[in-house]
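Asker: Just to be clear, the model below is a prediction. Sequence and coordinates:
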Amino acid sequence: MVDDELTGFIVERLSRGCSEQDVTLEVCERAGLSWQQASSLVFSASVYRAREIARWQLALFLLLGAVTILGGSALIASFIAAVVRPVHDLAQNGLSTESIESIGFLAWMVANPQSAGQLILGAGMIAGGIAGLTAAIRRAI
């Protein structure tokens, strides 16, 4: 029974992202085991209960992945809106002052590498978020 309680404690601490050395130290203090015994117990719990630990961590990874994907989507959407606006203004107003200012802004965006960086960063955030979500789900299943 004590081993089950101790194993549950180890799984909970590892689920929260604590390092194995920190958990081993806590097990030594809590159960009065030697470092070698505690380290062996922590290692076996991390191996045999890996899926349970991954399930505990899944909610956090789902949240982080979703926020990252949304942030990347917002970056790409703002880039697309900045590119489409001048074209829309030109089609709607003809060659008015507002259209010429918008076209100038579009030319500045094309010439400015920072705007391309925004597009690349947004795409990278989306790809990273999807990859992270996929990895987290595979570990938990």
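Answerer: Nice, I can see it.
Asker: residue ranges with poor pLDDT in this structure?
Answerer: For the chain, the stretches with pLDDT under 70 are 1-2, 86, 89-90, 93-103, 105-106, 108-109.
Asker: Domain-wise, how is it divided?
Answerer: Following automatic domain parsing, one finds the domains of the chain at 2-48, 52-140.
Asker: could you dump these to JSON lines with mean neighbour count?
Answerer: Where C-beta positions appear, they are placed from N, C-alpha and C, glycine not excepted. Formatted as JSON lines, these follow (neighbours: other CB atoms under 10 Å):
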{"stretch": "domain 2-48", "mean neighbour count": "15"}
{"stretch": "domain 52-140", "mean neighbour count": "14"}
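Asker: So which elements touch the helix or strand residue 117 falls within?
Answerer: Taking DSSP states H and E as the definition, one finds residue 117 inside helix 113-140. For helix 113-140, the packing partners by 3 or more CB pairs under 8 Å, 6 or more residues apart in numbering; DSSP states H and E come out as helix 50-93.
Asker: quick one: the helix it packs on to helix 113-140, angle?
Answerer: 150 degrees (axes from the mean of the first three to the mean of the last three CA atoms, to 10 degrees).
Asker: How far off centre is helix 50-93?
Answerer: 12 Å (CA atoms, centre = their mean, to the nearest Å).
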